[in-house]
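S.K.: predicted model and sequence below, questions to follow.
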Amino acid sequence: MKTQQIQSLIRKAAAARRRAYAPYSKFRVGAALLTSTGRIFSGCNVENASYGMTLCAERAAVAAAVASGYQQFKAIAIVGGKKEAPSPCGACLQVLAEFCRPNCLIILAANARPAAFQTYRLKDLLPRAFTAHCLPITD
């Protein structure tokens, strides 16, 4: 991806971050997910007093895209934190593995320093993802 496209995704993730509902952790995160056709879907974290019910920004973006009929993604930008860029949790990585190829680009940026982004591939952050290929073969 070109730097301009990456920066555009980061800006959209930062905008989603501003809409996050994080009254408990105060850790606001936004995500912008790029489909294989070029559409972008955003998500933000939505916390809950029952912490296990909290929805991460990444999964919120995936859910929005899937609800709109998209199931193949090329990249995701995630913005949060102040000085350190957030890393997707294991649950979010596993959800991304359901819809992304191993080379899907994951862009991480700190809110205070969005220009200092880092890029990874899904396969680098989740090298042995559980996928449909792992399921038992049935007759």
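M.R.: Sure, I can see it. Numbers count the residues shown, from 1 in each chain.
S.K.: which residue is the nearest non-sequential neighbour of residue 70?
M.R.: Ranked by Cβ to Cβ, 6 or more residues apart in numbering and with sequence neighbours excluded, the top spatial neighbour of residue 70 is residue 35, at 4.5 Å. From N, CA and C alone the C-beta is placed, and that goes for glycine too.
S.K.: which SS class is residue 71?
M.R.: What DSSP: H, G, I helix; E, B strand; the rest coil gives for residue 71 is coil.
S.K.: what does the lengthiest helix in the chain contact?
M.R.: Longest helix in the chain by number of residues (criterion: DSSP state H): helix 3-17. Helix 3-17 has contacts (Cβ atoms under 8 Å, 6 or more residues apart in numbering) with 28-32, 34, 40, 42-44, 57, 61, 75-80, 107, 109, 111, 114-115, 117, 119.
S.K.: cool, stretch 92-99 as well?
M.R.: Everything outside stretch 92-99 that qualifies as a contact, by Cβ under 8 Å, 6+ apart, is 56, 58-59, 62, 66, 71-73, 76, 88, 104, 106, 122, 125-126, 129-131.
S.K.: mark which of those residues are part of helices, please.
M.R.: Among those, the residues falling in helices (DSSP H) are 58, 59, 62, 66, 122, 125.
S.K.: narrow the contacts of stretch 92-99 to just the buried residues.
M.R.: The neighbour count (16 or more other Cβ atoms under 10 Å) marks 56, 58-59, 62, 73, 76, 88, 104, 106, 122, 125-126, 129 as buried among the contacts of stretch 92-99.
S.K.: can you lay out the residues you listed as a markdown table showing distance to residue 15 and pLDDT?
M.R.: A markdown table is the format used below for the buried ones among the contacts of stretch 92-99 (distance: Cβ to Cβ, whole Å; pLDDT from 0 to 100):
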| residue | distance to residue 15 | pLDDT |
| --- | --- | --- |
| 56 | 17 | 98 |
| 58 | 16 | 98 |
| 59 | 18 | 98 |
| 62 | 18 | 98 |
| 73 | 19 | 98 |
| 76 | 15 | 98 |
| 88 | 19 | 97 |
| 104 | 22 | 98 |
| 106 | 19 | 98 |
| 122 | 23 | 97 |
| 125 | 24 | 97 |
| 126 | 26 | 96 |
| 129 | 29 | 88 |
